[in-house]
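S.K.: got a sequence here, can you build the structure:
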Amino acid sequence: MLLRQATMADLPQIESIIRDGRELLAAQDIDQWQGAYPNTAVLVDDIHQGWTVVLEEDNEILGTAALIPGEDPTYKQIEGQWLTEQAPYLAIHRVAVSSHHHGRGLAGELFQRLFTQIDHAASIESIRIDTHPHNMAMQHVIKKNGFTETGQIDLAAAGMPGTKDFAYERLTVNAKPAHVTATQTIK
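M.R.: Residues are numbered from 1 along each chain as shown. This next block holds a predicted model:
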């Protein structure tokens, strides 16, 4: 398996995987991704920005995620407390795996490969992610991969006011003690 940056040629497979995710969530009566988000324009922008990565095997894309640097507007306010205060972080959004390969642990594999890549970026001290409160499968994957639940965020900045997601953060190997909140310790 290979983790690589997506190109526009990957868009049809990425859209198919996102559609699979949308359908799976709908079948579980989870209203996450049931509107226009994420749409083609968002996915194209992610690719153009260089944010989309794909997990590939034998020329087939098995999973995708957007790895976004800088401050995420949806993470400015939290009901709770981030592990880090103002440390540089990356946000992971739009994580999905192909329905043809469910049960293979691909979301975890995608995360582990992302962590390896991120841990080599000396300036990144943490990774943030969020998910719908009813998306138990993603919550399990997030927690299993070393994230700590930090509270809830409102998705108003993403155009969905009043929608709240669970927020998580994971420290990288580059986390500096000065950026970690007083209630947390680095292990």
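S.K.: listing partners with orientation, what would you give for the host helix or strand of L90?
M.R.: Applying DSSP states H and E as the criterion places L90 in strand 89-97. Applying DSSP bridges, strand 89-97 is found paired with strand 60-69 (antiparallel), strand 126-131 (parallel).
S.K.: pull the distance from that strand to the chain's centre.
M.R.: Its chain's average C-alpha position is 2 Å from that of strand 89-97, according to C-alpha atoms, centre = their mean, to the nearest Å.
S.K.: now the angle between strand 126-131 and the helix or strand that it is followed by, please.
M.R.: Later in the chain than strand 89-97, the nearest helix or strand by DSSP H and E is helix 106-119. Note on geometry: by axes from the mean of the first three to the mean of the last three C-alpha atoms, to 10 degrees, helix 106-119 and strand 126-131 are set 150 degrees apart in direction.
S.K.: returning to what we had before: can you list contacts of the strand holding L90?
M.R.: Contacts made with strand 89-97 from outside it, assessed by C-beta atoms under 8 Å, 6 or more residues apart in numbering, are listed as 17-18, 20-21, 38, 42-43, 46, 52, 55, 62-69, 72, 75, 106-107, 110, 114, 118, 124-129, 138, 169. (C-beta placed from N, C-alpha, C; glycine too.)
S.K.: give me the buried subset of those residues.
M.R.: Judged by neighbour count, with 16 or more other C-beta atoms under 10 Å as the criterion, the buried members of the contacts of strand 89-97 are 17-18, 20-21, 38, 43, 46, 52, 55, 62-68, 72, 75, 106-107, 110, 114, 118, 124-129, 138, 169.
S.K.: pull out the buried residues from stretch 21-32.
M.R.: Across stretch 21-32, burial judged by 16+ other C-beta under 10 Å covers G21, R22, L24, L25, I30, Q32.
S.K.: which of the residues you listed fall in helices?
M.R.: Assignment to helices by DSSP state H places the following of the buried residues of stretch 21-32 there: G21, R22, L24, L25.
S.K.: in CSV: those residues, plus distance to Q5 and pLDDT.
M.R.: Output for those, formatted as CSV (distance: C-beta to C-beta, whole Å; pLDDT from 0 to 100):
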residue, distance to Q5, pLDDT
G21, 20, 92
R22, 24, 93
L24, 25, 92
L25, 26, 92
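S.K.: just flag the most distant two among those.
M.R.: Greatest spatial distance among those (C-beta to C-beta): R22 and L24, at 7.4 Å.
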